[in-house]
Each structure stands twice: as structure tokens, then as C-alpha cells.
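[1] Model the following, please.
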Amino acid sequence: MLITLLYGAFNGYRKGLLVEIVAIVAFIVAMIVGFKFLGFGIDLLAPYISMEVARRLLPWLGFSIIFFPTVFLINRIGFSLRQSLKYTLLGTFDSLAGAAVGIFTWVFGISVMLWLLTWMGIRMPVKHTQETYLYPVVKPIAPIVMDVTSGWIPVGTNWIRKQKEEFSRNWSDGNTDSEDSGVERPHKKG
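    Model (predicted):
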């Protein structure tokens, strides 16, 4: 995980704050749209995939055909805006702040992948997570961010809240990889 976070810092510095902020917005919007239209993506792909493959891969593929084009299109807009800012006085600040935001982007991305794995019932082996520092810190980030931002985006709010509740139940029911981590689990608001 540390290597990917360092890559995120380097990439964020290179891209700049504006593009990194657009990337985070793109990631969150694409995640909401991806989950919202997951059923559509699965229905679109189901006739072309065997049942054995469908059981494990169809949720990933259905999510991906919605998620990645959304991220790509929103990021293209950000790169266009960055070109106009690049050679101004704010360009240097933009690069340094972009490094910090780049780290957060990768933390959020890794957390989303861990969330999806948990949602699909796939658990990380305890031997790979037991004595790590980053895993228990990174894992709850996406559900927390999604819970906070779902109130800002009216479309899909209830669905995201239900997914977060399911994640919290899955995490507390039988997920032993973080039992002794000392990290507070996400709780339902209210």
C-alpha cells in the first residue's frame, strides 16, 4: 500500500491540485453512478458471460463498464482546466497541493477496492492484515467519505446509505482481520 501512496504523491505533484480535485470528484461521482447503475451493467453483460464466471466477475465487470468511462470523461475536463493554470503563479502551489490530494485519491481508491471485496464476501487473509499499519487506517475511508458525501448528492443517497450499513454489518459480523486493530469501525449516523 505504501508504494501506491508514494506513487499517488508523485502523480499528484505532476498533475496538480486542480486535476487531483477533479479526479476525486470524478471518482466519487463515478462510484455513485457505478453503484446506481450496477444492475444495468450486469444486465448488459449477463447474456455474454457463463454462469460460473458471472458468479464472481459480473459485479466487477458491471461496475467497471459504468465507472471507468465516467472517471475518464470527468478527468478530461480537469486536464483541460489544468492547462490554463499550469504557467501562472498558482502553478507551483497547484503542484505541491496536488501531491497531498494525490495521496488521498489513492487512499480512497484502495479503500473502495477493499469495500467492494467485503461487499462481495471476499475477505483479506488475516496474515496479510494483522500487523499492518495502513490497512486498518485505509479500509474505512471510502464508507465514511461516501456516507458524508451522499447527503450532498440526492441521487442514490438511500442506496449508498444501505450499502454502508451492509458494509458495517459485514465488517462487524465475522470479519476477524480487523478485530484487534484498534481502529474505530464506521457507525450508522443517527
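[2] So which residues of the chain form strands?
    Assigned by DSSP state E, the chain shows no strands.
[3] buried residues in the biggest helix by length in it?
    Taking DSSP state H as the criterion, the chain has its longest helix at helix 51-85. Residues of helix 51-85 classed as buried by neighbour count (16 or more other Cβ atoms under 10 Å): 54, 58-59, 61-63, 65-67, 70-71, 74-75, 78, 82, 85. (C-beta placed from N, C-alpha, C; glycine too.)
[4] now for that helix, which elements pack on it?
    When contacts are defined as 3 or more Cβ pairs under 8 Å, 6 or more residues apart in numbering; DSSP states H and E, helix 51-85 packs onto helix 17-36, helix 38-45, helix 90-119.
[5] Could you export those to TSV, including columns for mean neighbour count?
    Formatted as TSV, the helices and strands packed on helix 51-85 follow (neighbours: other Cβ atoms under 10 Å):
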stretch	mean neighbour count
helix 17-36	21
helix 38-45	15
helix 90-119	18
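[6] looking at these, which one has the lowest mean pLDDT?
    Across these, helix 38-45 has the smallest mean pLDDT, namely a mean of 74.
[7] Only the C-alpha atoms, please, for that helix, written as PDB.
    Presented in PDB, the C-alpha positions along helix 38-45 are these (Å, rounded to 0.1, in the frame of the first residue of the first chain):
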ATOM      1  CA  LEU A  38     -24.700  -1.700 -11.400                       C
ATOM      2  CA  GLY A  39     -27.900  -3.600 -12.200                       C
ATOM      3  CA  PHE A  40     -27.900  -2.100 -15.700                       C
ATOM      4  CA  GLY A  41     -24.300  -3.100 -16.200                       C
ATOM      5  CA  ILE A  42     -24.900  -6.600 -15.000                       C
ATOM      6  CA  ASP A  43     -28.000  -6.900 -17.300                       C
ATOM      7  CA  LEU A  44     -25.900  -5.700 -20.200                       C
ATOM      8  CA  LEU A  45     -23.100  -8.200 -19.700                       C
END
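[8] helices or strands up against it?
    Against helix 38-45 (3+ Cβ pairs under 8 Å, 6+ apart) you get helix 51-85.
[9] what's the average pLDDT for the helix it packs on?
    The model assigns helix 51-85 a mean pLDDT of 79.
[10] now it against helix 90-119, angle please.
    In terms of direction (axes from the mean of the first three to the mean of the last three Cα atoms, to 10 degrees), helix 51-85 departs from helix 90-119 by 170 degrees.
[11] The chain should start at 159 in everything you say after this.
    Understood, numbering begins at 159; the last thing we discussed is helix 209-243.
[12] chain center to helix 209-243: distance?
    Relative to the chain's own centre, helix 209-243 is displaced by 11 Å; criterion: Cα atoms, centre = their mean, to the nearest Å.
[13] How many residues are close by the nearest residue to Ala257 once chain neighbours are set aside?
    Excluding the flanking residues, the one nearest Ala257 by Cβ to Cβ, 6 or more residues apart in numbering is Tyr171, at 3.9 Å. Counted with other Cβ atoms under 10 Å, residues neighbouring Tyr171 total 19.
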